[in-house]
Structure formats: C-alpha cells, structure tokens
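**Student:** Sequence first, predicted coordinates after that:
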Amino acid sequence: MEKRLGKGIEALIPDTFEQREAAKTVPTSKIIPNRFQPRKKFDEQKLKELVESIREKGVIQPVLVRPHGNGYELIAGERRFRAMKELGYTDIPIIIKEVTDADSLELSLIENIQREELNVIEEAQAYKRLNEEFNFSQDQISKAVGKDKSTVSNTLRLLTLPLVIQKFIEGNSLTTGHAKAILSLSSDGEKIKCAKKIIAGGLSVRQAEELAKAAGARKAERLSTQKDSNIQAVEEKLQHALGTRVRITHGKKRGKIEIEYFSSEDLERITQIVTKERAVQG
C-alpha cells in the first residue's frame, strides 16, 4: 500500500482568516492527547510564554483533531491545548480531519520537526514507530520529513546506544556528534565509559573521536595480548609433553612451531614421543 508522504502540516492546519473562521468549537473535555505524539517532554518556559500569549490575545489558530470515540484526538497543537486547559478554557476551536494512525504520527512528527520541538532521541523513536508499526521504509520516512535518508539512518542508529547514553543525549549532555564517535566502539561498557569521560571532561566532538579511537586501539591490543596468552598456554603444554623448549609463531593465516633439541639422541627421543602420540591417536 502506497504511503501518502510529504503532505506537510501546512496542508491540514488552516492559515488564513477565512479557514480559521470555519473552525468548529467543542468542549476541551471532549479532546484527548495524541497517542502518537512523538514529543515526550514539553519546554516549560515555552509553554508559559504560550499561556501568556493566549491570555493576552486569545486563541489565534485552532488545533487539528480527528474523530475518536465520542470525542476527538489531537493530531497537532498539543501545546495550545495544554495552555488553554491551564487557563481554564472550557471550549477550544478545532479543525477535524479523517486520518489514519500512520498519518497522525507522521503529521505530529512533521509538525514537531518543523518547529524544532523534538530532541534527536524522540525523533529517532518516531522514525522507529513509523518503520515498525506502519511499515515505512527509511526512504519513505526521509521523504515524509524532508530529510536525507542518511540522516534518518544515522538518527535511528542512536537507538542502538545504551539507554543511559540516550538519556545523556536527551539531557543535552552529549551531542549527536559525540554519539557518532561513541558508536564506533563495540561494547556497551566501553560506550558508557567513553560517554562519561566526554561529559566529565567537557570534550569537543574532535576530542571525543580521538578518545574513542584510543579506546578501540586499547581493546585491539588487549585482544592481541589475550591471543598471545592462549598461544603461550599451548607452548607450555607442548614443552611439558616433549621435555624441551617449544616456540610458536602465530599469524592470521599461518604459523610455525619450533622445537629445540640438543643432540641426535634428544632428537630421536622427541621423534619417538611425537610418533608414539600419533600412533595412539591413529
């Protein structure tokens, strides 16, 4: 089924006096918040400013709703709805549109993005819902919100970060640039450790990239050391079995085993041990 993308919030919210005059007024009690509202946190200062604006000038623009049960569900305009309730308004002007759940989420997402009301984690969560609940591809999401597909993809990647780091981003302790550097690390533990160092040191994005690069190099060194320890254990096992020094050179594709002997008799002794072991295994 083809998605109706990129319609823009302006297509549904009236922006002329004549359109606003056609709005219907209903009791605020008949309206419920949008179940698909991508924004989880509302800026208290902006809400206060809106309250004062409505107190002084009244409601200039109606909210956008869709039918829901015996009342209506918000599509766009939740800050206005909250401000009016705070002021004690019992009625609110609305424009009614018949839209699907997917359209409701899409329109709420577009409205918040255009007004820069979402933090990047809320934006990523909305993209994820469009993808998982409504089968939007990343290409369709990018067209719907007017952003490059790579931007959508990189935003979604933020949701692979540990929740504690997502909270840091939501709280503006980390930027998306910092997050990109952290994503280069493999384990959650390393990512969290790196994130905390970035915050504690007030590091720039460039410094965060260097920190993550150094952390990755240290891990590679640890893995290399671990491999050497394993090889050393094999060396010790062979030395014990053969009664002489054994050295293993281990490479990615090939390696070699060096066995020391000190005389022809010693060589014969080692040969007998090896051939006897092979014979037993055979």
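**Tutor:** That came in fine, so what should we check first? Residues are numbered from 1 along each chain as shown.
**Student:** Sketch out the strands for the stretch 51-200 of the chain, chain order is fine.
**Tutor:** For the stretch 51-200 of the chain, applying DSSP state E, counting those that start in this stretch gives strands covering 63-68, 71-76, 91-96.
**Student:** closest to Val205 out of those strands?
**Tutor:** strand 71-76 (33.7 Å; C-beta to C-beta). Yep, even glycine has a C-beta here, placed from its N, CA and C like the rest.
**Student:** Please save the CA atoms from that closest one in CSV.
**Tutor:** Output of strand 71-76 as CSV, limited to C-alpha atoms (Å, rounded to 0.1, in the frame of the first residue of the first chain):
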residue,chain,number,x,y,z
GLY,A,71,-14.9,12.9,21.1
TYR,A,72,-11.7,13.8,19.3
GLU,A,73,-8.0,13.0,19.4
LEU,A,74,-5.3,15.7,18.8
ILE,A,75,-3.2,15.5,15.7
ALA,A,76,-1.4,18.8,16.1
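**Student:** buried set for it?
**Tutor:** By neighbour count on 16 or more other C-beta atoms under 10 Å, the buried set for strand 71-76 is 72-76.
**Student:** Give me the pLDDT for Val152.
**Tutor:** Looking at Val152, its pLDDT is 91.
**Student:** residues contacting it?
**Tutor:** Val152 is in contact with 127, 138, 141-142, 145, counting by C-beta atoms under 8 Å, 6 or more residues apart in numbering.
**Student:** With neighbour count, distance to Ile95 and pLDDT added, can I get those residues in TSV?
**Tutor:** TSV is the format used below for those (neighbours: other C-beta atoms under 10 Å; distance: C-beta to C-beta, whole Å; pLDDT from 0 to 100):
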residue	neighbour count	distance to Ile95	pLDDT
Tyr127	25	26	90
Gln138	17	31	90
Ile141	26	25	88
Ser142	20	28	88
Val145	22	22	81
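**Student:** Which ones among the residues you listed lie within helices?
**Tutor:** 127, 138, 141-142, 145 (DSSP state H).
**Student:** and the two most separated of those residues?
**Tutor:** The widest separation within those (C-beta to C-beta) is 10.9 Å, between Gln138 and Val145.
**Student:** Just list whatever residues bridge to the closest residue to Ile32 other than its chain neighbours.
**Tutor:** Of all residues not flanking Ile32 in the chain, Glu73 sits nearest, at 5.4 Å (C-beta to C-beta, 6 or more residues apart in numbering). Counting by DSSP bridges, Glu73 is bridged to Ile32, Arg66.
**Student:** Was I right to think Glu73 contacts Arg66?
**Tutor:** Yes: counting by C-beta atoms under 8 Å, Glu73 does reach Arg66; the two are 5.6 Å apart.
**Student:** and for these two, which residues touch both?
**Tutor:** In contact with both Glu73 and Arg66: Ser104, using C-beta under 8 Å, 6+ apart.
**Student:** Could you list the domains of the chain?
**Tutor:** 9-160, 229-281 (automatic domain parsing).
**Student:** closest to Ala212 out of those domains?
**Tutor:** Per C-beta to C-beta, nearest to Ala212 of the domains of the chain: domain 9-160, 14.6 Å.
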